[in-house]
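Asks: mind folding the following:
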Amino acid sequence: MAGAASATGGAASATAGAGGASAAGTQPMKGVAFDSTSGSCADLARLGVSWYYNWSTTTKCTGVEYVPQIWGDWTVLSWVPMPAKAVANGAKALLGFNEPDGTGQANMTVAEALKLWPSFDQPGVLLGSPAVAGEGWLPDFMTGVAAQNLRVDFIAVHWYGWDPGTCNDTSQLEAKIKWAEQWQRPIWITEWSCRLQAVDVVNKFYTDALAMFKNHPLVQRYAWFLSRSASDPTDSDFNNSTLLDTNGNPTTLGNEYIAAPSLR
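Replies: Down below sits the predicted model:
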């Protein structure tokens, strides 16, 4: 999800976290998909995240690790920079294309993505796969990566509980994780949420998911969608799943999110 209109985002240096609980460890885990058109930089500290991204390559926020993303094909989209520019401010990781398997998102063929992928190979920067919505695009891409000896350091995935009952337990999310484990790389869940589901259902789903992640050590980072009630009406179906209300106060889920470990 998250089209170009909702992104503003740049690179801040990596830090351990900004408040909230910390796990026994030093590596970032809890992040957020940050809609900077409706949120503020103070939200990052309030949520206690250790990293964030905003579907873009620039940001006004500092003090928390920022991970830029090459949203789509920079040879077609004038506002998308080349990877070398995206990481020029010291980013330690770079996210690949945003849902290239979606016509309303990056909308790229595997061949188009593979042609551009060598430019992502920036020295000293961890490289995440394109984050796909479905399961039909990435296997072909990863086959091409292996055949062409290209680099992908971690797998980025999206998962949404779109329909009633899909967030009653974590089985469908866990199935997506198991699917991603086939490439034997760390996994970043860069978008996940529940649509049109009750607050108590979403709250329990999140806490159950954190427990489930412990059974899947390849799950390295996650970023919930969204930080605040959406300014984009197309995202209003997720307002029961946001972490902060329109005034920046924690929702029921937000309080659980704040209490969750920021590091692993």
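Asks: now do the contacts for L253.
Replies: Taking CB atoms under 8 Å, 6 or more residues apart in numbering, we find L253 in contact with 199, 202-203, 206, 241-243. Glycine gets a C-beta too; all of them are placed from N, C-alpha and C.
Asks: quick check, it in a helix?
Replies: Yes: under DSSP: H, G, I helix; E, B strand; the rest coil, L253 falls within a helix.
Asks: listing request: residues of the stretch 101-250 of the chain with sub-threshold pLDDT.
Replies: Within the stretch 101-250 of the chain, the set of residues satisfying pLDDT under 70 comprises 230-234.
Asks: can you map out the helices along the chain?
Replies: Remark: helices assigned in the chain by DSSP state H are 42-47, 83-86, 110-116, 138-147, 171-180, 199-213, 252-259.
Asks: how about the last one: buried residues?
Replies: Think helix 252-259. Buried residues in helix 252-259, counting neighbours by 16 or more other CB atoms under 10 Å, are found at 253-254, 256-258.
Asks: just the third one next, same as before
Replies: Of the residues in helix 110-116, those scored as buried under the neighbour-count criterion (16+ other CB under 10 Å) are 110, 112-114, 116.
Asks: what is the nearest of those to G31?
Replies: A113 (23.7 Å; CB to CB).
Asks: contact partners for the closest one?
Replies: Contacts of A113 (CB under 8 Å, 6+ apart): 96-97, 100, 130, 141.
Asks: sorry, back to before: in ChimeraX, how would I select just the buried ones from the contacts of L253?
Replies: To isolate the buried ones among the contacts of L253 in ChimeraX, judged by 16+ other CB under 10 Å, type:
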select :202,203,206,241,242,243
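Asks: closest to M29 out of the contacts of L253?
Replies: Nearest to M29 among the contacts of L253, counting by CB to CB, is Y206 at 13.8 Å.
Asks: the closest one contacts A259, doesn't it?
Replies: No: applying CB atoms under 8 Å, one finds Y206 not in contact with A259, separated by 10.7 Å.
Asks: tabulate the contacts of A113 (a markdown table), appending distance to R151 and neighbour count.
Replies: Shown next, in a markdown table, are the contacts of A113 (distance: CB to CB, whole Å; neighbours: other CB atoms under 10 Å):
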| residue | distance to R151 | neighbour count |
| --- | --- | --- |
| G96 | 11 | 26 |
| F97 | 15 | 29 |
| P100 | 17 | 24 |
| P130 | 13 | 27 |
| F141 | 13 | 25 |
